[in-house]
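Undergrad: sequence unknown, structure follows:
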């Protein structure tokens, strides 16, 4: 639950003035959703880009790069 709360609060974290790095790729909290972990990670990447995250750590680069561009 805390991981999802953090993701929902990215704007608040960014407002503290520090770079935000998201490392959600293939984590347990993502896999626990029962969905395709790479697709859900791409969705998180899109949200992180939209919220102004400095970087995301991922396993599947091509799909997440597309998601990051879509989120900008």
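TA: Okay, I see it. Because the structure is predicted, anything quoted here is derived from the model rather than measured.
Undergrad: check which helices and strands the least confident helix or strand in the chain by mean pLDDT is in contact with.
TA: The least trusted helix or strand in the chain, going by mean pLDDT, DSSP states H and E, turns out to be helix 28-31, with a mean of 87. Here helix 28-31 touches helix 37-50, going by 3 or more Cβ pairs under 8 Å, 6 or more residues apart in numbering; DSSP states H and E. All C-beta atoms are positioned from the backbone trio N, CA, C, and that covers glycine.
Undergrad: contacts for the least confident helix or strand of the chain, please.
TA: 3-4, 24, 37, 40-41, 44 (Cβ atoms under 8 Å, 6 or more residues apart in numbering).
Undergrad: could you redo the last one with a cut-off of 6 Å?
TA: 3, 24, 37, 40 (Cβ atoms under 6 Å, 6 or more residues apart in numbering).
Undergrad: tell me which two of these sit farthest apart.
TA: 3 and 37 (13.5 Å; Cβ to Cβ).
Undergrad: so these two - more neighbours on which side?
TA: A direct count of neighbours by other Cβ atoms under 10 Å for residue 3 and residue 37 places residue 37 higher, at 19 against 14.
Undergrad: contacts only, for the more buried one.
TA: 26, 30-31.
Undergrad: let me know the pLDDT of it.
TA: Reading off the confidence values, residue 37 has pLDDT 91.
Undergrad: ok, it to residue 4 distance?
TA: 15 Å (Cβ to Cβ, to the nearest Å).
Undergrad: ok, and the closest non-adjacent residue to residue 11?
TA: Distances taken as Cβ to Cβ, 6 or more residues apart in numbering put residue 51 closest to residue 11, at 5.3 Å, once the chain neighbours are dropped.
Undergrad: quick check: that neighbour touching residue 13?
TA: No. Taking contacts as Cβ atoms under 6 Å, residue 51 lies outside contact range of residue 13: 8.5 Å.
Undergrad: low-confidence ranges in the protein?
TA: Confidence mapping of the chain against pLDDT under 70 gives zero matching residues.
Undergrad: residue 50 touches residue 71, doesn't it?
TA: Yes. Taking contacts as Cβ under 6 Å, residue 50 lies within contact range of residue 71: 4.2 Å.
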